[in-house]
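[1] fold the following, please.
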Amino acid sequence: MTAPSPTLTAARHGLLLADIRCYHCQALTSVAAIWVADFEEHEDGEVIDNREATLLAYPKWLDEGRTRLILIHSPWMRLAATKTTETTYWANHCQVCGAVQGNYYVGGVDGLYWPQDDEALARPTFVRGAGPLRAVGSSSQSSWMTRVEDVCG
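    Coordinates of the predicted model:
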């Protein structure tokens, strides 16, 4: 099978690992967010935007190296078809009940990946990825994302 054309490429990337309460069973469960820096968004083979840092939202496809990084450091993150998004993407799953911990619960306003200060930003563990990233997904940007390597690294 041929790899799809990436919609996002990045020179640097990593995982932000943390724990949250599952929205469904309230158990403490691990979650991960894919952080990328020096990234470009692509459409129809053209670079449509060039930005500093973002979280990869609704990643539908990841290159082999990034898939391996997730399998090693965040095996609870796997492909899931969700009714809310009507798509299949790499989503966090509760390690107790298996419920998808979607972007709304993890990355929405007041969520774990929406820190209000450097103290909150320092809570996740940062696992630096090696090499460039290629993915199919979208970006979810906020100003704190440019400080990940300084605060979490």
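[2] okay, buried residues for stretch 62-74 please.
    Neighbour counts over stretch 62-74 (16 or more other Cβ atoms under 10 Å) mark Leu62, Asp63, Arg66, Leu69, Ile70, His73, Ser74 as buried. C-beta: built from backbone N, CA, C; applies to glycine.
[3] contact partners of the helix or strand of the chain with the lowest mean pLDDT?
    Lowest on mean pLDDT, DSSP states H and E among the helices and strands of the chain sits helix 103-107, with a mean of 74. For helix 103-107, the surrounding residues in contact (Cβ atoms under 8 Å, 6 or more residues apart in numbering) are 20, 23, 31, 33, 55, 57-58, 84, 91-92, 111-114, 140.
[4] keep only those of these that are in strands.
    Judged by DSSP state E, strands contain the following of the contacts of helix 103-107: Ile20, Val31, Ala33, Leu55, Ala57, Tyr58, Ala91, Asn92, Ser140.
[5] alpha carbons of the lengthiest helix in the chain, as PDB, please.
    Across the chain, the longest stretch assigned as helix under DSSP state H is helix 64-73. Provided in PDB are the C-alpha atoms of helix 64-73 (Å, rounded to 0.1, in the frame of the first residue of the first chain):
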ATOM      1  CA  GLU A  64       6.600   4.600  10.200                       C
ATOM      2  CA  GLY A  65       9.000   6.300  12.600                       C
ATOM      3  CA  ARG A  66       6.200   8.200  14.400                       C
ATOM      4  CA  THR A  67       4.000   5.100  14.600                       C
ATOM      5  CA  ARG A  68       6.900   3.300  16.300                       C
ATOM      6  CA  LEU A  69       7.400   6.200  18.700                       C
ATOM      7  CA  ILE A  70       3.700   6.000  19.700                       C
ATOM      8  CA  LEU A  71       3.700   2.200  20.100                       C
ATOM      9  CA  ILE A  72       6.800   2.400  22.400                       C
ATOM     10  CA  HIS A  73       5.800   5.400  24.600                       C
END
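[6] done for today, thanks.
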